[in-house]
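[1] pasting a predicted model and its sequence here:
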Amino acid sequence: MTETIEEFASVDKPPSYYEKLNRDINELNNRLHAFNLLSKIDRGVPFSVKDNICVNGVESTAGSPILKGYIPPFDATVVEKIKQASFSFIGKTSMDEFGFGTFGINCDTPAKNPFDEERVAGGSSSGAAVATAILKHHIAIAESTGGSISAPAAFCGVVGFTPTYGAVSRYGLIDYANSLDKIGVMARNSSDLRYAFDIIRGTDDYDSTCTNRAIENFSTNKLTVIKELVENVDSEILEPFNSLLDTLKGQGYSVEYKSLEILKQSIPAYYIISMAEASTNLAKYTGFKYGHKNMEFTENYNLFFTNSRTAFGTEAKRRVILGTFVRSASVKNRYYFKALNIRNTIIAALKETLKDSLIISPTMPVFTPKFSEVKELTPVQNYSMDAITIPPNLSGLPHMSFPYTYLNGMPVGAQIVTDHFNDYALISFLEAWEKSFKPKFKYNIGAI
Amino acid sequence: MEEKEFDRLLKTCRIKLTKEEYDKIKNDIESIISYFNSIDNTQCQENPAYHPINIKENLGEDVPKKFDNVEGILKNTRTYRFYIVGPKI
Amino acid sequence: MKIGLEIHVALPTKTKLFCRCLNQDNEVPNLNICPICMGFPGSKPMLNREALRISLSITRALKCKTNDRVSFVRKIYFYPDLPKSYQITQLYEPSGFDGEVNITGKTIRIRRIQLEEDPAKILREKNYSLLDFNRSGVPLVEIVTEPDIYSEDEAHEFLYELRSLLYYQGIDIDREMKADLNISLADERVEVKNITGIKNLMDAARYEIKRQSLLIEGGRQVLKETRSYDESRKITETSREKESDEEYGFIYEPDLTEYYSIDVNIPVPIIARHIAHELSVSYGFNLKTLSELIYFDKDSLRLVEYAKNKYDSQSIINLLEILKRFDCTSIKDKVFDALMDLLKRKIDITKETIIKLEKGMQIESVYSSPERIDEIIRAFLQKNTDMVEKYKKDRKVYDFMVGSITKNFGLQSKLVSERLSIVLKDIIDNN
């Protein structure tokens, strides 16, 4: 049995292999809704793309009804790169509308958790995580703004890797919040992850914020647990996490505890910046150049635009209104500029800690919730679910969620964070971890 | 938030809400804003940098390069004599 | 009375501000477009190096200060011609600020110079609008003055100076200039938006001065408002409600970074006003004559600079006047070379040398050739498009045109008169 993509790629597959693969995915997808759109493949290694990343000629909606029918006339840079590396495009993965969500429920047909279909897959890259959890050999191109890779990866028991801000080109990404959006990878193991990251990273003439900084691999065996990241974690999650720390100590890591008071401000700072930027990004959806079409051209443009924009979902509307508020001239210093200042203070504090250690924590503060449970949450309660994933995301720091145990049959994930541009240290960490832990999957479509 | 101010916000961002949405979302927004207000007394450095990392400037050269899929752009839109049709002004 | 101006000029780059599409108008709509200048979801801007350089160069010519770093913002408003529903422009760290332009006896302060993208071209139809994105993303520089202009004459002179400054930056603002006019006679400020061309700008100013004066004389109040100028009726009128600063909700453009303006290499700008002044003091040129000859003529300026130490001012002026006769003609370069050659050989400029030179250039035959005269006339009319329109309404303009062309190009009025009617008929019939 082949484990890694490299092994898989070296094996000849008959047409019947791909026929079965297409059939199996299609069948399971009807139940789990990992994909918004499936494309039949007949060769190569399958890769999926989160629905907010453009694939030439393939409908890309970012999970929003307002983009229904948008056919990008170009490939995102990451898609172009991975196609050239002889991967085959298998489909667009489902997500919360524009990435606005933690559980993958802010869309028409939410993806279900393959381990328990009454439970959420996590969001916003819900489909990417489910696809990774059901396909044996596959790379998911996902995207995180505030935790959209870590959260679903943890709930679905896969590896979710979010690189340093700017390490991967965002050209072709349908923006949520441009100073926070990061394209990353979900995979089942460190080998596949490294393979994919090597392909997609690097500068791009089409993305001004994509850097040519060398990606480093500074390794350390010091782990830091930050009080503010674990203090609100449910005890049923905290217990296995403490055992994980013991295991790691046994493997030669040292663990230190530390308090960073300023991290308490990360959630409001994150939501202020992300909503301010999102409300400008969503201004372009006015119902006539692409996507959802309003045909009432005789209406005055203001009415036309306003009517077109009723196609946004509730969370999108909420964020557009709030984002418009926090950047209004009269309150901009209080919210937008203050949040930028807080972000920079948080970055400085985290970087100080990351000089000689990795930061480790549970990925999510709760056990994988049921759909019925998350429906009850107020927006503020909902946003607090991102408490652990937000600090590294707000700071553009590379981080990774990896599975480390199973509770009542459900996978549980932990998150490690390293300094800017030290991305490979995370992959090295995972390589070491895999020596003592083998993840389990309910489905292995395409296994040979 | 006063209804007048909320309505002004809606107008600014061209969002129209149904009656049910209106009360629910207005209520949500008020509680989120009061949550945001928790940053008021935070001590922090004065550095409004707007990216999380320092990025060396990238500039494009002034050399024309034709986009090869104009047709693909126009397929998304409604056109009339090569013009794109938009709402009345 | 106080007038402040916001003047938008298009920059002569080869490509657009944030993408590599041609910066070129096209008769076919939506030809020079790509996902970036269309604001398609997923696209991102990449700043054109040359556009940044020109904006900083204008900044220098207008004696502005510049921050070490230049940044961009998003200005959010909704209109069908604005592809992303926000314009990428500058606010916090613009290309320039706190500059000045000198006119006779005073200084017009420049508040800000910002680099920004042009929206698409929009045509109003009865039941919809039509959009052409060829223009979308064309680099513009907006020059914002303080309200330091106190009269029509000052406005005129300011625009004349600005035109010359920009001419030496390679920008012809006669071609396509858009302006907003802020004008207050009493306490409240009226803003007139989207005026095209210098002539319309002056007409709009004149109309507003009259309108506001009448209101004040009648004991009525001038309202603080935004108006627009209707070219055909030559009036201003209350215009659509526009977003204010509160609603624009500017934020930093996070798809772009900061740009280090100090790294950009900019030559010392040419300010014709200063040069003319210096030359008249040091070499005895008549200031007015020299200014007229060099304000919009790089070749003439080169010639003066070369000859100033070797020839007396009158000889130089004589040479410049010869050169001027060939303005807008295809052989101007040849004439320039011949004149420079003459100067390099240190030949005395006498009546005889000039005649000899003219003979050498076969100028006489040029003058009498109908094709050459037609060429000159067409060039003149292209520069003065309003003349044709005026002529359509009032045939008396004919003699004025003949006079202007004769004087400007040193031609015989009889020949010009003969050919002009033929050229005009041809232009009018073919339009």
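    Okay, I see it.
[2] residues from the stretch 1-150 of chain C in reach of chain A?
    C:35, C:38-47, C:74, C:76, C:78-80, C:83-86, C:127-129 (CB under 8 Å from any CB of the partner chain). (Glycine included, C-beta is placed from N, CA and C.)
[3] try 10 Å this time
    When proximity is defined by CB under 10 Å from any CB of the partner chain, the stretch 1-150 of chain C lies next to chain A at C:18-20, C:34-36, C:38-47, C:73-86, C:122, C:125-129, C:131, C:133.
[4] kindly identify which of those residues also come near chain B.
    Applying CB under 10 Å from any CB to those, those adjacent to chain B are C:18-20, C:34-36, C:38, C:40, C:45-47, C:73, C:76-81, C:85, C:122, C:125-129, C:131, C:133.
[5] just the buried residues of the residues you listed.
    Buried by 16 or more other CB atoms under 10 Å in any protein chain shown: C:18-20, C:34-36, C:38, C:40, C:45-47, C:73, C:76-81, C:85, C:122, C:128-129, C:131, C:133, out of those.
[6] what's the local residue count around the closest residue in space to residue C:346 that isn't next to it in sequence?
    Among residues not flanking residue C:346 along the chain, residue C:310 sits closest, at 6.6 Å (CB to CB, 6 or more residues apart in numbering or on different chains). By the criterion of other CB atoms under 10 Å in any protein chain shown, residue C:310 has 11 neighbours.
[7] close enough to count as contact, residue C:310 and residue C:316?
    Yes: using CB atoms under 10 Å, residue C:310 is in contact with residue C:316, at 9.1 Å.
[8] between the two, what contacts are shared?
    Each of residue C:343 lies in contact with both residue C:310 and residue C:316 under the rule CB atoms under 10 Å, 6 or more residues apart in numbering or on different chains.
[9] apart from its chain neighbours, what residue comes closest to the spatially most central residue of chain A?
    With distances taken as CA atoms, centre = their mean, the residue of chain A nearest its centroid is residue A:149 (2.2 Å). The shortest distance from residue A:149 to any residue other than its chain neighbours is 4.1 Å, reached at residue A:160 (CB to CB, 6+ apart).
[10] beta partners for that neighbour?
    Residue A:160 has these beta-bridge partners by DSSP bridges: residue A:186, residue A:401.
[11] from residue C:427, how far out is it?
    For residue A:160, the distance to residue C:427 (CB to CB, to the nearest Å) stands at 68 Å.
[12] who's more crowded, the two?
    The neighbour comparison of residue A:160 against residue C:427 (other CB under 10 Å) goes to residue A:160, with 36 against 16.
[13] pretty sure residue A:364 contacts residue A:412?
    Yes: between residue A:364 and residue A:412 there is a contact at 8.5 Å, judged by CB under 10 Å.
[14] give me the common contacts of the two.
    Shared contacts of residue A:364 and residue A:412, defined by CB under 10 Å, 6+ apart, are found at A:154-155, A:237.
[15] got a winner among those for most neighbours?
    Highest neighbour count within the shared contacts of residue A:364 and residue A:412: residue A:155, with 35 neighbours (other CB under 10 Å).
[16] so it touches residue A:119, yeah?
    Yes: using CB under 10 Å, residue A:155 makes contact with residue A:119 at a distance of 7.4 Å.
[17] work out the gap between stretch C:5-19 and the centre of the chain.
    12 Å (CA atoms, centre = their mean, to the nearest Å).
[18] measure that stretch end to end?
    One end of stretch C:5-19 to the other measures 29 Å (CA to CA, to the nearest Å).
[19] coming back round to it: OK, contacts around the residue nearest to residue C:346?
    Contacts for residue C:310 (CB under 10 Å, 6+ apart) come out as C:316, C:343-344, C:346.
[20] cool, and residue C:290?
    C:272, C:275-277, C:279-280, C:283, C:300-301, C:304, C:313, C:316-317, C:320.
[21] switch to 7 Å and redo it
    Residues in contact with residue C:290, defined by CB atoms under 7 Å, 6 or more residues apart in numbering or on different chains, are C:276, C:279-280.
[22] same question, residue A:156
    Residues in contact with residue A:156, defined by CB under 7 Å, 6+ apart, are A:113-114, A:121-122, A:129-130, A:132-133, A:411.
[23] that one and chain C: what is the separation?
    Applying CB to the nearest CB, to the nearest Å, the value for residue A:156 to chain C is 26 Å.
[24] relative to residue A:444, how far out is that residue?
    Residue A:156 is 14 Å from residue A:444, where distance means CB to CB.
[25] what residue lies at the spatial centre of chain C?
    Using CA atoms, centre = their mean, the residue of chain C that lies closest to the mean C-alpha position is residue C:173, 1.2 Å off.
[26] for the longest helix seen in chain B, buried residues please.
    For chain B, the longest helix by residue count, based on DSSP state H, is helix B:19-36. By neighbour count with 16+ other CB under 10 Å, helix B:19-36 contains the buried residues B:25-26, B:28-29, B:32-33, B:35-36.
[27] separation between the residue of the stretch 251-400 of chain C found nearest chain A and chain B?
    Closest approach between the stretch 251-400 of chain C and chain A, counting by CB to the nearest CB: residue C:254, at 3.8 Å. The gap separating residue C:254 from chain B is 6 Å, by CB to the nearest CB.
[28] can I assume that residue is in contact with residue A:178?
    Yes: using CB atoms under 7 Å, residue C:254 makes contact with residue A:178 at a distance of 3.8 Å.
[29] what touches both of the two?
    Jointly contacting residue C:254 and residue A:178 under the rule CB under 7 Å, 6+ apart are residue A:277.
[30] all strands for the stretch 201-350 of chain C, in order.
    C:225-230, C:235-238, C:251-252, C:259-260 (DSSP state E, counting those that start in this stretch).
[31] distance between the ends of stretch C:221-241?
    End-to-end span of stretch C:221-241 (CA to CA): 20 Å.
[32] mean confidence for that stretch?
    Mean pLDDT, stretch C:221-241: 88.
[33] ok now it, how far from the chain's centre?
    A distance of 24 Å separates the centroid of the chain from that of stretch C:221-241, by CA atoms, centre = their mean.
[34] is it in proximity to chain A?
    No: judged by CB under 7 Å from any CB of the partner chain, stretch C:221-241 stays clear of chain A, getting no closer than 8.9 Å.
[35] the residue nearest to residue A:206 when sequence neighbours are not counted: what's it in contact with?
    Nearest residue to residue A:206, sequence neighbours excluded (CB to CB, 6+ apart): residue A:171, at 4.0 Å. By CB under 7 Å, 6+ apart, the contact list for residue A:171 reads A:76-77, A:204, A:206-207, C:44.
[36] which ones among those map onto helices?
    Mapping the contacts of residue A:171 onto helices (DSSP H) picks out residue A:77.
[37] will you turn the contacts of residue A:171 into a markdown table that also has pLDDT?
    What follows is those, written out as a markdown table (pLDDT from 0 to 100):
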| residue | pLDDT |
| --- | --- |
| A:76 | 98 |
| A:77 | 98 |
| A:204 | 95 |
| A:206 | 97 |
| A:207 | 97 |
| C:44 | 98 |
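[38] and which of the contacts of residue A:171 is nearest to chain B?
    Ranked by distance to chain B (CB to the nearest CB), the contacts of residue A:171 are led by residue A:207 at 8.0 Å.
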